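> kindly return the folded structure for what I paste below:
(2 chains)
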Number of protein chains: 2
Amino acid sequence: MTGHPNVGVVEDVRDVVARMALSAAFEPGNEVVGQLVAELGAAGAAEFLASREHTARGQAALARRWREENWLAAADVELELAHRRGIEVIVPGLVTWPTQLDDLQERAPLALRVQGALPVRQALARSVAVVGARAATRYGVWVAEELCTQLAVEGWCVVSGGAMGIDAASHRGSLAGSGPTIAISAAGVDIPVPSSNDSLFARLYESGAVISEVPIGQHPNRRRFLVRNRVIAALTPVTVVVEAALRSGALSTAREADAMGRSLCAFPGPTTSAMSAGCHELIARGGAALVTSAEDVIEVALGSRERIGGNTGAQRFVSVDLQEQQVLDSCANRSASPQQISRSCGISIDAATATLYLLERKGLVRQTARGWRSIDRAP
Amino acid sequence: MTGHPNVGVVEDVRDVVARMALSAAFEPGNEVVGQLVAELGAAGAAEFLASREHTARGQAALARRWREENWLAAADVELELAHRRGIEVIVPGLVTWPTQLDDLQERAPLALRVQGALPVRQALARSVAVVGARAATRYGVWVAEELCTQLAVEGWCVVSGGAMGIDAASHRGSLAGSGPTIAISAAGVDIPVPSSNDSLFARLYESGAVISEVPIGQHPNRRRFLVRNRVIAALTPVTVVVEAALRSGALSTAREADAMGRSLCAFPGPTTSAMSAGCHELIARGGAALVTSAEDVIEVALGSRERIGGNTGAQRFVSVDLQEQQVLDSCANRSASPQQISRSCGISIDAATATLYLLERKGLVRQTARGWRSIDRAP
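Model prediction:
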């Protein structure tokens, strides 16, 4: 077992670097790359692309691109940079990886860069995506802010795209309610897009999180905005569209959510507003539930989370560090005192006790008559 | 066969007078009265109430009320009044009776008073009910007017309640589109309610119709407003709610429509408007389709009319007078020339030809290679 300060505990750090390299070399959501990684692993895929063996359709072009630069060396540099800037890199297999992304199959992100104070997997356990038009109306902005403040008060995390209009209003509303909120960016996590959202991103770094599948420092392009939407849709059990014109990008997020069996909600608005036409279409013919309040949205979210099943259940969305994992292991299948735990983990009793209370807050352990015991979770 | 100048051709004018008398003596929708009429006929029910035989629960009070006045004599007076004022009285069995009211069973109106130029049964063949709050917003008024003008342009009749707010806007919109429109009043047809709708009622008499189940000259009361809603719901294949607060009377019309298997539509509005909250509730949990245009409403109406079946099909909603009926009979099951029809009906060839063209416009006859022939209708 080998560790890296900012990638957590993984079997093979080569996998992390290869995933970062592949996600730097190829645009997000490239299915051929996704298939290669699924078959060979990330390091294996990188080796395969460097070799001369690739003959299958589409692979030759990928290999040419791969050989243009030393992507693996660049990934090492990015990982160093991430470390210096406190940007977390998470990949499948880590306890911090949001497993609901696996529903994207070969379109799943290869690696995520996360900047911000929020433990994202834990926050995603009670989360909804709130999306909508950049050219929002005052009505839409008001609705998004109200909704997200209320969601925050009820302890729900708001996931959005960090863009102008409904996205920004959603993040702002959540922050106003002191809630957890996550922006899924089409640019590198360190590049606020649009730049007018500078101060919003500063607040997200401080108390929320910005997540991206493209390398640090990268700028977005039209395609990245679009493929980013699948990540928003996959991360949460329900996507809420607040305002959308008939050809809005928010509708692509809605379609992705629907295709993955996530629930879909939309806010109505005046029929005289083109910015509500997309929402009305979703309700009338797109299978979206009409919602008018945070209460409505939460009801749908709870129903959907149950329906999607234990695989994305609350307990699995908890981020734990190495020491927490050791403490958890030491009280799995048996009750243990802080003294016993301190001995088996080689840490002080105070450290063991502090960690136990932390784990209790995360819902991972409970106190019994005979000591502390871990709460069973799905594997 | 006996005729009355303003009740059309009926088997028994006693039935008409008895129905008018019963509907004057008892409040609309009285189910005990409705059951008596169903079992004994209207004249039989009147005789039964005048006798001392009534012992079943609820009948004694009815009988007392019945013996308070000479309702049959009063009905004769009302029938005379109707004749003088050009108010039509229609009852079940007449070709002018809208048979979709039979779905109300024992709650069906006993008789309808109709004032206005519009042939109502024909108009109802392509009709939608548009209802909503009296305390409508400017948004709601705009939506109702636009919707109903467009419905008028597409040849659909708008049925509403003649009240302030959405009702008035709906009638006005229809009239603006030169469309047929019918107000179902909770008062006598000659009493505009509210009186501020005077000029609207004048236009309805002129080119639309006002229908009521209570006698000429009667004023409305709270209960009459409520029971009137079942008639609006029953008359049309689809009820559209434009604006409604959560406890709006328009929602009772919606519930009646739904209970009778009619289709339900609602317009969305801003979630910030209390006047749209009832509509949103209907869409989210009341089975209403979200609609944003006349096109949407017509689509639902066509689907619903088909579903309700031939019993309310277009051909049955046509009003014909005595001469038209004779002409129809003379070309039923065989093609006939205007000359043949003129002979068998005892009218001039010109009159026969004019009547045939009128019937053709109503979709009741067609020209064949061998002359005119009536189009088959359900009995």
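
> can you report how many residues lie near A:L358?
Per other Cβ atoms under 10 Å in any protein chain shown, the neighbour tally for A:L358 reads 16. Quick note: C-beta positions are derived from backbone N, CA and C, even for glycine.

> for it, helix, strand, or coil?
helix (DSSP: H, G, I helix; E, B strand; the rest coil).

> residue contacts, A:E69?
Residues near A:E69 by Cβ atoms under 8 Å, 6 or more residues apart in numbering or on different chains: A:A25.

> now it: phi and psi?
phi -140, psi 170 (degrees, to the nearest 10).

> where's A:R373, which helix or strand?
strand A:371-374 (DSSP states H and E).

> what packs against that strand?
Contact here means 3 or more Cβ pairs under 8 Å, 6 or more residues apart in numbering or on different chains; DSSP states H and E; on that basis strand A:371-374 packs against helix A:338-345, strand A:365-368.

> go again using 7 Å as the cut-off
The contact analysis (3 or more Cβ pairs under 7 Å, 6 or more residues apart in numbering or on different chains; DSSP states H and E) places strand A:371-374 against strand A:365-368.

> grab the nearest non-local neighbour of the residue of the stretch 201-350 of chain A found nearest chain B.
Taking Cβ to the nearest Cβ as the measure, the stretch 201-350 of chain A has A:P268 as its residue closest to chain B, at 3.2 Å. Closest residue to A:P268 apart from its sequence neighbours, by Cβ to Cβ, 6 or more residues apart in numbering or on different chains: B:P268 at 3.2 Å.

> please apply the same query to A:A336.
A:G371 (5.1 Å).

> and A:T353, by the same measure?
A:P338 (4.6 Å).

> residue contacts, the one you found?
Going by Cβ atoms under 7 Å, 6 or more residues apart in numbering or on different chains, A:P338 touches A:349, A:352-353, A:356.

> which of those tops the neighbour count?
A:A352 leads the contacts of A:P338 on contacts (other Cβ under 10 Å) with 26 neighbours.

> contact partners for that one?
A:327, A:338, A:341-342, A:345.

> which pair of those spans the longest distance?
Based on Cβ to Cβ, the longest span within the contacts of A:A352 runs between A:P338 and A:C345 and measures 10.3 Å.

> before we move on, the earlier item: tell me the one among the contacts of A:P338 nearest to chain B.
Once Cβ to the nearest Cβ is applied, the member of the contacts of A:P338 that ends up nearest chain B is A:L356, at 44.2 Å.

> now do the contacts for that closest one.
Neighbours of A:L356 in contact, by Cβ under 7 Å, 6+ apart: A:327, A:338, A:365, A:372.

> separation between it and A:W66?
Computed as Cβ to Cβ, to the nearest Å, the A:L356 to A:W66 distance reads 47 Å.

> pLDDT below threshold where in the stretch 51-200 of chain A?
Low-confidence segments of the stretch 51-200 of chain A (pLDDT under 70): A:53-55, A:57.

> so which residues on it come close to chain B?
A:139, A:143 (Cβ under 7 Å from any Cβ of the partner chain).

> let me see the ranges of the strands in the stretch 51-200 of chain A.
For the stretch 51-200 of chain A, the strands defined by DSSP state E, counting those that start in this stretch occupy A:88-90, A:112-115, A:127-131, A:157-160, A:181-184.

> what's in contact with stretch A:31-51?
A:14-15, A:18-19, A:21-22, A:26, A:54, A:58-59, A:62-63, A:66-67, A:72, A:106-108, A:110.

> ok so, going back, burial check on the residue of the stretch 201-350 of chain A closest to chain B, number of neighbours?
Look at A:P268: counted by other Cβ under 10 Å, it has 26 neighbours.

> can you tell me the element it falls in?
Per DSSP H and E, there is no helix or strand for A:P268.

> tell me the pLDDT of it.
On the pLDDT scale, A:P268 is placed at 98.

> with A:Q35 instead?
94.

> wait, A:L200 sits on A:H171?
Yes: using Cβ atoms under 7 Å, A:L200 makes contact with A:H171 at a distance of 5.9 Å.

> got the buried residues for stretch A:89-109?
Residues of stretch A:89-109 classed as buried: A:89-92, A:94-101, A:103-104, A:107-109 (neighbour count, 16 or more other Cβ atoms under 10 Å in any protein chain shown).

> how about stretch A:340-354?
A:340-342, A:345, A:347, A:351-353.

> A:Q115 and A:I87 touch, don't they?
Yes: counting by Cβ under 7 Å, A:Q115 touches A:I87, with 4.7 Å between them.

> what do these two both touch?
A:V189.

> give me the domain ranges for chain A.
A:2-91, A:117-314, A:320-374 (automatic domain parsing).

> just name the most buried of those domains.
domain A:117-314 (a mean of 22; mean count of other Cβ atoms under 10 Å in any protein chain shown).

> quick one: contacts for the closest residue to A:H280 other than its chain neighbours?
Nearest residue to A:H280 in three dimensions, chain neighbours excluded: B:T292, at 5.1 Å (Cβ to Cβ, 6+ apart). By Cβ under 7 Å, 6+ apart, the contact list for B:T292 reads A:271, A:280, B:267.

> residues contacting stretch A:193-211, please?
So stretch A:193-211 is contacted by A:112, A:114-118, A:120, A:162, A:164, A:168, A:171-172, A:175, A:180-187, A:189, A:192, A:220 (Cβ under 7 Å, 6+ apart).

> 6 Å instead, please
Stretch A:193-211 is contacted from outside by A:112, A:114-118, A:120, A:164, A:168, A:171, A:175, A:181-185, A:187, A:189, A:192, A:220, using Cβ atoms under 6 Å, 6 or more residues apart in numbering or on different chains.

> that stretch: end-to-end distance?
Distance across stretch A:193-211, first residue to last, is 13 Å (Cα to Cα, to the nearest Å).

> report the central residue of chain A.
What sits nearest the mean C-alpha location of chain A, by Cα atoms, centre = their mean, is A:L235, with 5.4 Å.

> so where's the stretch 201-350 of chain A uncertain?
Ranges of the stretch 201-350 of chain A meeting pLDDT under 70: A:305-320.

> alongside chain B, which residues does it contribute?
A:268-271, A:280, A:283-284, A:290, A:292 (Cβ under 6 Å from any Cβ of the partner chain).

> so which of those residues belong to strands?
Taking DSSP state E as the definition of strands, these contribute A:L290.

> okay, the residues of the stretch 201-350 of chain A next to chain B in JSON lines with distance to A:E31 next?
Putting these into JSON lines (distance: Cβ to Cβ, whole Å) gives the following:
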{"residue": "A:P268", "distance to A:E31": "36"}
{"residue": "A:G269", "distance to A:E31": "36"}
{"residue": "A:P270", "distance to A:E31": "40"}
{"residue": "A:T271", "distance to A:E31": "39"}
{"residue": "A:H280", "distance to A:E31": "33"}
{"residue": "A:I283", "distance to A:E31": "31"}
{"residue": "A:A284", "distance to A:E31": "32"}
{"residue": "A:L290", "distance to A:E31": "34"}
{"residue": "A:T292", "distance to A:E31": "38"}
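
> relative to B:D321, which of the strands of the stretch 51-200 of chain A is closest?
Going by Cβ to Cβ, the one of the strands of the stretch 51-200 of chain A nearest B:D321 is strand A:127-131, 61.3 Å.

> so what strands line up beside the closest one?
strand A:157-160 (parallel), strand A:238-241 (parallel) (DSSP bridges).

> for that strand, C-alpha coordinates in CSV please.
The C-alpha trace of strand A:127-131 is given here as CSV (Å, rounded to 0.1, in the frame of the first residue of the first chain):
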residue,chain,number,x,y,z
SER,A,127,-27.7,16.7,-2.7
VAL,A,128,-29.7,18.0,-5.6
ALA,A,129,-28.6,19.5,-8.9
VAL,A,130,-30.1,22.9,-9.6
VAL,A,131,-29.5,24.2,-13.1
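
> what's next to that strand, contact-wise?
A:148, A:156-160, A:170, A:232, A:236, A:238-241, A:250, A:253, A:297, A:301.

> apply 7 Å and report the result again.
A:144, A:147-148, A:151, A:156-161, A:166-167, A:170, A:232-233, A:235-236, A:238-242, A:250, A:253, A:297, A:301.
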